[in-house]
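Engineer: test case, fold it:
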Amino acid sequence: MAKMIHSMIRVLEEKRSIEFYKLAFSLEVADRLEFEDFVLVYLSNSETDFELELTINKSQTQSYDLGDGYGHVAVSVEDVEAEHERFTSAGLNPRKLVDFKNNGESVAKFFFVADPDGYQIEVLQRAGRFK
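Structural biologist: Model (predicted):
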């Protein structure tokens, strides 16, 4: 059986991205590999083995065009309302908190936030299928 281990995104500024993911999700640098043309930075925390891989192409000077194919990355938290308040206080500009319903029943409680490169991250209340 396959085990998901990481997801990769291309970012323009290494320091800016590391600072965002640390502040927003308590992700720390687990590894950093420098190559001639690019750098790979692996971010993780003690909540999961899954990592976020940041790729920094040294020749890239303009923001990446995310196109219409990118969806989002999702994380779950114990208290989504408290996290929304924390993100707001930290100046991370989260979008509104949503209680998503299907046929009148709550399916998920969440908000979205964009990282410095425009990648969307969904922050979900840890409940039901979103553990």
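
Engineer: the strands in the protein, which residues?
Structural biologist: Under the criterion DSSP state E, the chain contains strands at 6-10, 28-34, 38-45, 48-57, 73-77, 98-102, 105-114, 120-125.

Engineer: list the strands paired with the fifth one, with their directions.
Structural biologist: It refers to strand 73-77. strand 120-125 (parallel) (DSSP bridges).

Engineer: now the strand it pairs with and strand 48-57, what's the angle there?
Structural biologist: Here the directions of strand 120-125 and strand 48-57 differ by 160 degrees (axes from the mean of the first three to the mean of the last three CA atoms, to 10 degrees).

Engineer: so for strand 120-125, mean pLDDT?
Structural biologist: For strand 120-125, mean pLDDT rounds to 95.

Engineer: that older thread, nearest to residue 92, out of the strands of the chain?
Structural biologist: strand 105-114 (5.6 Å; CB to CB). C-beta here means a position set from N, CA and C on the backbone, and glycine is covered the same way.

Engineer: ok, back up a step: in JSON lines: the strands of the chain, plus mean neighbour count.
Structural biologist: Converted to JSON lines, the strands of the chain look like this (neighbours: other CB atoms under 10 Å):
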{"stretch": "strand 6-10", "mean neighbour count": "13"}
{"stretch": "strand 28-34", "mean neighbour count": "12"}
{"stretch": "strand 38-45", "mean neighbour count": "17"}
{"stretch": "strand 48-57", "mean neighbour count": "16"}
{"stretch": "strand 73-77", "mean neighbour count": "17"}
{"stretch": "strand 98-102", "mean neighbour count": "11"}
{"stretch": "strand 105-114", "mean neighbour count": "16"}
{"stretch": "strand 120-125", "mean neighbour count": "19"}
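
Engineer: mind checking which of the ones you listed is nearest residue 90?
Structural biologist: By CB to CB (comparing all of the strands of the chain), the closest turns out to be strand 105-114, at 10.2 Å.

Engineer: what does the domain assignment say about the protein?
Structural biologist: 1-58, 71-131 (automatic domain parsing).

Engineer: start and end of the first one, how far apart?
Structural biologist: Think domain 1-58. In terms of CA to CA, to the nearest Å, the two terminal residues of domain 1-58 are separated by 36 Å.

Engineer: could I get the domains of the chain as JSON lines with distance to residue 65?
Structural biologist: Compiled in JSON lines, the domains of the chain are given as follows (distance: least, CB to CB, whole Å):
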{"stretch": "domain 1-58", "distance to residue 65": "10"}
{"stretch": "domain 71-131", "distance to residue 65": "10"}
